[in-house]
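pasting the sequence and the predicted model now:
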Amino acid sequence: MPSIAARLIPAWLRQYQLSALPTDVVAGLVVGVLVIPQSLGYAVLAGLPPVYGLYAAIVPVLVYAWIGSSNVQAVGPVAITAIMTASSLHPYATEGSQQYILMASLLSLMVGTMLWLAGRLKLGWIMQFISRGVSAGFISGAAVLIFVSQLKYLTAIPIAGNNLIGYLSSMQMYARQLHPLTLVIGVIAFALLVANRYGSKWVWKSWLSASYAKWAERLFPLILLGIAIVLSISLHWTTNGVATIGSIPQGLPTFTLPYVPDFGEALNLLPSAGLMALIIFVSSSSVASNYARLRGETFNANSELTGLGLANMAGGFFQSFTVAGGFSRTAINADSGAKTPVASLVTVLVMIAALIAFGKALAPLPYALLGATIMASIIGLIDMATLKSAWQRDRLDAASFLAAFIGVLIFGLNTGLVIGLMVSFASLIWQSSKPHVAVVGQLAGTGHFRNINRHDVVTFSNLLMLRIDESLFFGNSESVHRRVIQATQQYPEAHEIILIMSAVNHIDLTGQEMLISLNQELLNQNKHLNFSFIKGPVMDIIEHTPVITTLSGQVYLSTMDAVNALKDV
């Protein structure tokens with residue numbers, strides 16, 4: 001039984017080696033400095049004052065560093081959770097209002113509770129049911145919405161909505177409110193950030209070494225932020241109508257009770273919280289598990305659920321909104337040499353320093369720069385490469401991608417995700433309902449049996465060997481029955497039918513009834529049904545049922561045994 005100290009102090013801290021401290025400190029400083037503009041922007045994307053982006057990068061990060069499953073994953077505000085927060089709360093409160101802020105903390109608490117409960121119930125396996133097509137389609141659709149939503153900061157047009165149609169119609173309606181100077185600032189900033197991110201080969205690598213070019217690319221957004229502040233002050237952008245973030249409150253996030261909803265509000269927010277929890281877990285787990293593999297570490301999906309859950313629960317009481325593991329944050333953290341969560345603790349110190357020392361210095365920063373920062377960073381999430389790959393290799397996954405992508409654009413985030421999931425599950429059911437049933441023969445001189453349409457094999461006139469490549473359940477039993485009967489009609493001289501069950505992992509009640517009926521039909525035609533390669537767990541289910549007790553043939557340990565026993569019958 002481990003001691004209380006052993007349970008409270010994480011393993012990484014008990015085993016910490018001081019030799020890792022220098023690289024952890026450097027990585028923490030780099031991440032902390034580089035993600036300040038991003039954190040401010042994601043708070044704005046969520047409909048919150050910019051300072052809440054820094055708040056969200058303090059308490060939740062501390063909790064995840066202590067409890068989370070990954071040594072290098074950097075959690076914090078991310079684009080997807082930010083826009084899902086805005087989408088979920090839009091019907092209930094005005095963006096930036098006190099009620100809206102408290103409701104954002106409530107949503108973080110609800111999401112965290114769901115993630116924590118899922119971890120305690122060991123539901124980490126659930127991430128396997130979100131296909132690559134659905135997750136990529138959803139994120140790509142959300143990225144398009146995020147991109148369009150940020151046009152309000154580049155144009156000063158009050159764009160609003162929950163889907164692409166809503167955003168574009170509001171833009172058309174209020175187009176006359178376009179502010180030319182804001183547009184110029186935003187377009188220039190966006191062009192520079194895109195060139196920096198996607199044109200590094202020409203902007204930096206043409207005259208800098210690879211290592212210096214990498215750091216130049218990472219530091220450029222921060223340098224641009226500083227330049228924008230200087231220009232805003234010197235050129236009096238505020239007095240010329242350019243919106244700036246204003247003075248950021250100094251001091252740390254304080255313990256604050258989130259909004260207490262009535263029953264109806266809580267019930268309405270539950271679906272949004274559930275979908276956010278699902279997306280957070282899938283995206284964060286994919287990042288954490290990938291880096292665990294690269295570093296030769298173990299990854300525990302249930303521990304990840306618990307860590308993310310407690311991080312968001314704690315953030316709900318300290319002025320945070322929902323956080324997740326960030327792709328870019330984690331990449332920078334790992335590339336900068338992070339070895340343990342100490343790097344995240346250092347990042348928290350940077351955020352605290354920014355709140356205490358630089359709040360007033362950030363006041364002249366134009367919202368147009370924050371919008372341009374998000375727009376430039378979000379382009380990379382529009383994953384057309386996955387759609388192209390799926391279209392070439394698996395059209396059903398491509399359909400799931402398109403369903404989620406188009407659903408998000410037309411109906412909004414929550415509905416779009418549900419549509420994608422429904423199409424994905426429908427595709428799975430459709431595939432399972434049409435299992436592959438192959439007529440097989442023996443590879444000469446071996447004990448192996450292969451599809452007669454793919455290999456040069458030996459067959460036996462009195463035997464019909466069929467391999468069922470799927471578990472038998474209510475959705476495919478009729479298809480399997482029909483395929484077996486068709487095969488017996490194609491090979492009428494075969495009177496011993498052998499079903500090879502090596503790929504069958506389960507047989508439900510409908511599948512059992514189909515096998516019983518099939519056995520009787522074949523017996524009426526003076527044919528015998530035999531089984532080979534039934535797995536132990538499957539035999540445990542059917543051993544004492546009529547599937548076996550009324551079987552007209554035999555059950556054989558292997559297909560070779562069946563052939564040897566029946567080929568001369």
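Done, it's in.

buried sites along stretch 466-474?
By neighbour count on 16 or more other C-beta atoms under 10 Å, the buried set for stretch 466-474 is 466-468, 470-473. All C-beta spots, glycine's among them, are computed from the backbone N, C-alpha and C.

quick check on Phe531: phi, psi?
phi -120, psi 150 (degrees, to the nearest 10).

run a quick neighbour tally on it.
24 (other C-beta atoms under 10 Å).

nearest spatial neighbour of it, chain-adjacent residues omitted?
Spatial nearest neighbour of Phe531, chain neighbours left out: Val555 (4.8 Å); criterion: C-beta to C-beta, 6 or more residues apart in numbering.

quick one: residues contacting the one you found.
Going by C-beta atoms under 8 Å, 6 or more residues apart in numbering, Val555 touches 530-532, 534, 539, 548.

of the residues you listed, buried ones?
Among those, the ones that count as buried by 16+ other C-beta under 10 Å are 530-532, 534, 548.

among the residues you listed, name the ones in strands.
Among these, DSSP state E puts 530-532 in strands.

from these, pick the one nearest Gln442.
Using C-beta to C-beta, Ser532 comes nearest to Gln442 of these, at 12.5 Å.

would you agree the closest one is in contact with Thr559?
Yes. Look at Ser532 against Thr559 with C-beta atoms under 8 Å: they come within range, at 4.5 Å.

mutual contacts of those two, please.
498, 500.

from the contacts of Val555, which two are the most distant?
The most widely separated members of these are Asn530 and Met539, with 14.3 Å between them, by C-beta to C-beta.

closest to His455 among the contacts of Val555?
Distance to His455 across the contacts of Val555 (C-beta to C-beta) is lowest for Ser532, with 18.4 Å.

spit out the contact partners of the residue nearest to Ser477 when sequence neighbours are not counted.
Nearest in space to Ser477, with sequence neighbours left out and distances taken as C-beta to C-beta, 6+ apart, is Met514 at 4.0 Å. Met514 is in contact with 472, 477-478, 480-481, counting by C-beta under 8 Å, 6+ apart.

Gly371 too?
Taking C-beta under 8 Å, 6+ apart, one finds 41, 44, 150-154, 186 in contact with Gly371.

give the buried residues for the helix or strand that Leu428 is a member of.
Secondary structure assigned from DSSP states H and E places Leu428 in helix 413-433. Going by neighbour count (16+ other C-beta under 10 Å), the buried part of helix 413-433 is 413-421, 423-424, 427, 433.

please apply the same query to stretch 122-132.
Going by neighbour count (16+ other C-beta under 10 Å), the buried part of stretch 122-132 is 123-124, 127, 130-132.

and that stretch, end to end?
22 Å (C-alpha to C-alpha, to the nearest Å).

for the helix holding Leu428, name the packing helices and strands.
Where contact means 3 or more C-beta pairs under 8 Å, 6 or more residues apart in numbering; DSSP states H and E, helix 413-433 is packed against helix 79-89, helix 132-149, helix 263-295, helix 395-411.

TSV for those helices, including distance to Trp204 and mean pLDDT?
Converted to TSV, the helices and strands packed on helix 413-433 look like this (distance: least, C-beta to C-beta, whole Å; pLDDT from 0 to 100):
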stretch	distance to Trp204	mean pLDDT
helix 79-89	24	91
helix 132-149	24	90
helix 263-295	25	87
helix 395-411	33	93
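
my reading is that Asn333 lies in a helix. Confirm?
Yes. The assignment for Asn333 by DSSP: H, G, I helix; E, B strand; the rest coil puts it in a helix.

please name the residues that touch it.
Shown in contact with Asn333 (C-beta under 8 Å, 6+ apart): 27-28, 30-31, 72-74, 343-344, 347.

where does the closest residue to it other than its chain neighbours land on pLDDT?
Setting aside the residues directly before and after it, Asn333 is nearest to Ala74 in space (C-beta to C-beta, 6+ apart), at 4.4 Å. On the pLDDT scale, Ala74 is placed at 89.

returning to what we had before: min pLDDT across the buried residues of stretch 122-132, which one?
Among the buried residues of stretch 122-132, Met127 has the lowest pLDDT, at 67.

quick one: the strands in the protein?
Using DSSP E, strands in the chain cover 75-76, 324-325, 437-442, 449-451, 463-468, 496-500, 528-532, 555-556.

any chance of the ones you listed in a markdown table, plus distance to Gly337?
What follows is the strands of the chain, written out as a markdown table (distance: least, C-beta to C-beta, whole Å):
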| stretch | distance to Gly337 |
| --- | --- |
| strand 75-76 | 19 |
| strand 324-325 | 19 |
| strand 437-442 | 52 |
| strand 449-451 | 51 |
| strand 463-468 | 52 |
| strand 496-500 | 54 |
| strand 528-532 | 56 |
| strand 555-556 | 59 |
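
nearest approach to Pro50 belongs to which of those?
strand 75-76 (14.1 Å).

quick one: list the elements packing against that closest one.
helix 59-67.

tell me the angle the helix it packs on makes with helix 263-295.
50 degrees (axes from the mean of the first three to the mean of the last three C-alpha atoms, to 10 degrees).

neighbouring contacts of helix 59-67?
10, 73-76, 253, 303, 306-308, 310-312, 314-315, 318, 320, 323, 341-342, 344-345, 347-348, 351.

Gln150 and Ile245: what is the separation?
Distance, Gln150 to Ile245, using C-beta to C-beta, to the nearest Å: 15 Å.

neighbour-wise, which of the two wins?
With neighbours defined as other C-beta under 10 Å, Gln150 and Ile245 compare such that Gln150 has more, 27 against 19.

can you pull the contacts of that one?
So Gln150 contacts 45, 371-372, 374-375, 378 (C-beta under 8 Å, 6+ apart).

same thing but 6 Å
Residues in contact with Gln150 (C-beta atoms under 6 Å, 6 or more residues apart in numbering) are 371, 374-375.

please produce a markdown table containing the residues you listed, extended by pLDDT and distance to Arg176.
Compiled in a markdown table, the contacts of Gln150 are given as follows (pLDDT from 0 to 100; distance: C-beta to C-beta, whole Å):
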| residue | pLDDT | distance to Arg176 |
| --- | --- | --- |
| Gly371 | 90 | 20 |
| Ile374 | 87 | 25 |
| Met375 | 90 | 23 |
